[in-house]
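S.K.: pasting the sequence and the predicted model now:
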Amino acid sequence: MADAFSLREVLAAFQTCVTERREVLLGPYLSGWRGLIRFLHSLGAIFSFISKDAVAKVQIMESYCDGEQRDKYVSLQSMVEYELANGLVGVQKRSGGPDSGCRTVLRLHRALRWLQLFLEGLRTGREDSRTSVICTDSYNASLATYHPWVVRKAATVAFCALPPRNAFLEIMNVGTPEEAVAMLGEALPYICDVYGITQELFAQHKLLDLP
Ligand SMILES: CCCCCCCCCCCCC/C=C/[C@@H](O)[C@H](COP(=O)(O)O)NC(=O)CCCCCCCCCCCCCCC
C-alpha cells in the first residue's frame, strides 16, 4: 500500500524530541503530531472534527517555527522564555490576537496525556478489551476536563467507531498484535518523558491554565 506507514516511526519522533540538556525540540515534536494526525485520518471521516483542530494547532506552531523568530521556536524552553519575555502570552481571556505558541502547545500537551493513557491502556489491556472503552476512559481521565459538553459528547460517539483492540493493534502497522504491544512498551517511556518535562516547564512558569 502506497500510504502504509508504521506507528513505530511516528512514536520514535517523541524519542528524538528530548535533547541531552532535557530540552524538548519543537521540530520532532510537531512531526510526531503530524504522524499521529495522519494515522487518525486513516481511521475514517468520523474523526475529522478532531483531526481538523489538531491540524490547526500544528499549523500555528509550524508557522512560528518557519517564521521570522524561528530561532526562538527551536525548543519548548526557548519558546516559553521568548514569549514570556515579550509579553506574547495572554493570561487573561483570549484577546482576539494571534494564539501564542504557549497556549497552543498546552492544548497538544494535554492531548499527549490522553495519548499516553490510551496507549498504556491498549498495551496492558486484555485481548478482548474494547478500544472504545480504553479510549473513553483515557479521555475522561485527561482531555475531557477541558472540553465543553458538546465536544465531549461528539468525541465519545466517535470513539465507538474504533476497531476492536487486536484489529487496532494491527492497523498500527508494526506487525502482529504482540509485536505492537512490545513496541508500545518501548515507545511509551519516551512519551512520558516529553509529557513530564513539558508539564514541569509549564508549571514552573504558571502556564498550565492559559485561556
Ligand atoms: C484513536 C482515537 C483518537 C481519539 C482522539 C482523542 C482526542 C479527542 C479530542 C477531541 C477534540 C475535539 C476537537 C475540539 C477541540 C478544541 O475544542 C480543543 C480546545 O481548543 P481551543 O482552546 O483552541 O478552543 N482542542 C484540543 O483539546 C486539542 C485536541 C487535539 C487532539 C489531538 C488528537 C490527535 C489524536 C491522534 C490519534 C492517534 C492515535 C494513535 C494511537 C495508536
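M.R.: Received, thanks. Numbers count the residues shown, from 1 in each chain.
S.K.: so where's this protein uncertain?
M.R.: Per-residue confidence for the chain (pLDDT under 70) gives these ranges: 1-4, 93-95.
S.K.: now the longest helix seen in it: how far from the chain's centre is it?
M.R.: Identified as the longest helix of the chain according to DSSP state H is helix 177-204. A distance of 11 Å separates the centroid of the chain from that of helix 177-204, by C-alpha atoms, centre = their mean, to the nearest Å.
S.K.: show me where this protein has helices.
M.R.: 7-16, 26-42, 48-65, 76-85, 101-124, 131-140, 149-159, 165-171, 177-204.
S.K.: anything in the first one near the ligand?
M.R.: The one in question is helix 7-16. Yes - under the criterion of C-beta under 6 Å from any ligand atom, helix 7-16 makes contact with the ligand via L7. In short, each C-beta sits where N, CA and C put it, glycine included.
S.K.: i'd like the first residue to be 415 from this point on
M.R.: Sure, I'll start counting at 415 from here, so that last one is helix 421-430.
S.K.: which strands and helices lie in contact with that helix?
M.R.: Applying 3 or more C-beta pairs under 8 Å, 6 or more residues apart in numbering; DSSP states H and E, one finds that helix 421-430 contacts helix 440-456, helix 591-618.
S.K.: circling back: what angle separates the longest helix of the chain from helix 490-499?
M.R.: Interaxial angle, helix 591-618 versus helix 490-499 (axes from the mean of the first three to the mean of the last three C-alpha atoms, to 10 degrees): 30 degrees.
S.K.: relative to helix 515-538, how tilted is helix 591-618?
M.R.: Comparing the axes of helix 591-618 and helix 515-538 via the same axes, to 10 degrees yields an angle of 150 degrees.
S.K.: helices and strands around helix 591-618, which ones?
M.R.: By 3+ C-beta pairs under 8 Å, 6+ apart, helix 591-618 packs against helix 421-430, helix 490-499, helix 515-538, helix 579-585.
S.K.: give me the number of residues near S556?
M.R.: Other residues lying near S556 total 18 when counted by other C-beta atoms under 10 Å.
S.K.: now swap in I460 and tell me
M.R.: The number of residues near I460, taken as other C-beta under 10 Å, comes to 14.
S.K.: please list the residues of this structure that sit near the ligand.
M.R.: 421, 450-451, 453-454, 461, 463-464, 467-468, 521, 525, 528, 549, 553, 557, 560-561, 565, 569, 576, 586.
S.K.: list the contacts of F453.
M.R.: When contacts are counted by C-beta atoms under 8 Å, 6 or more residues apart in numbering, F453 touches 419, 421, 424, 586.
S.K.: ranking the helices and strands packed on helix 421-430 by burial, who's on top?
M.R.: Among the helices and strands packed on helix 421-430, helix 440-456 has the highest mean neighbour count (mean count of other C-beta atoms under 10 Å), at a mean of 19.
S.K.: so that helix versus helix 591-618, what angle?
M.R.: Relative orientation of helix 440-456 with respect to helix 591-618: 130 degrees, computed using the same axes, to 10 degrees.
S.K.: orientation of helix 440-456 relative to helix 421-430 in degrees?
M.R.: Put simply, helix 440-456 runs at 160 degrees to helix 421-430, going by the same axes, to 10 degrees.
S.K.: picking up where we left off before, okay if I get the helices of the chain as CSV plus distance to Q506?
M.R.: CSV is the format used below for these (distance: least, C-beta to C-beta, whole Å):
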stretch, distance to Q506
helix 421-430, 32
helix 440-456, 25
helix 462-479, 19
helix 490-499, 15
helix 515-538, 12
helix 545-554, 28
helix 563-573, 23
helix 579-585, 42
helix 591-618, 18
